[in-house]
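A.B. asks: Below is the sequence, then the predicted model.
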Amino acid sequence: MAATAQEKYIFGWREVVVVAEAGDRLEAKLDTGATTSSIDARNIYRFRRGSRRYVRFELATEAAGGGGVIERPLVRMVRIKQHDGQYQRRPVVALDICLGRIRRSVEFSLVDRRNFDQPVLLGRNALAGAALVDSDLAHTIKPSCPQTGAH
């Protein structure tokens, strides 16, 4: 059952999120026009470990040395239509994030986002049931999920 509008947090179109697996604070664009979320990743490598499919990648962060190497199970492959009309297949992994006081697992497509202003795009699936986006606002609250140690 979805939360009522009174129970949802209101965020701006840009917010800071913490990616728990890396412990990094990243700038995120909250985009209700996008279904899927994406995150800036480099050196993306798909592989098998036994019968399970995995993805190894590096989060592209401004911190010295980047976000380090992360390995996550491959959730699925997604086909994304780009602005030029071409399609691109991307691996999708689940990562835990903290947005304000909300901690949740979000499915991210992995892609090089260096040509975008924000390394993270949070789409409708990541925001559903918990957040409203006010396009007049930005940076409304710092990540403060006690489970991640973010403050």
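C.D. replies: Received, thanks. Since this is a predicted model, take the numbers as computed values, not measurements.
A.B. asks: just for the protein, where's the confidence low?
C.D. replies: Along the chain, the model assigns pLDDT under 70 to residues 1-6, 62-67, 147-151.
A.B. asks: looking at it, which residue lies furthest from center?
C.D. replies: Largest separation from the mean C-alpha position in the chain: G50, at 27.3 Å (CA atoms, centre = their mean).
A.B. asks: For it, give its distance to M77.
C.D. replies: Going from G50 to M77 by CB to CB, to the nearest Å gives 19 Å. The C-beta positions use only the backbone N, C-alpha and C, and glycine is treated the same way.
A.B. asks: Tally up the residues packed near V133, please.
C.D. replies: By the measure other CB atoms under 10 Å, the count of residues near V133 is 17.
A.B. asks: try the one 4 residues further on
C.D. replies: Neighbour count for L137, taken as other CB under 10 Å: 14.
A.B. asks: tell me the phi and psi of A126?
C.D. replies: Note on A126: backbone dihedrals following degrees, to the nearest 10 are phi -70, psi -30.
A.B. asks: In contact with it, which residues are there?
C.D. replies: Shown in contact with A126 (CB atoms under 8 Å, 6 or more residues apart in numbering): S37, I97, R104, V106, E107.
A.B. asks: Many thanks, we can stop here.
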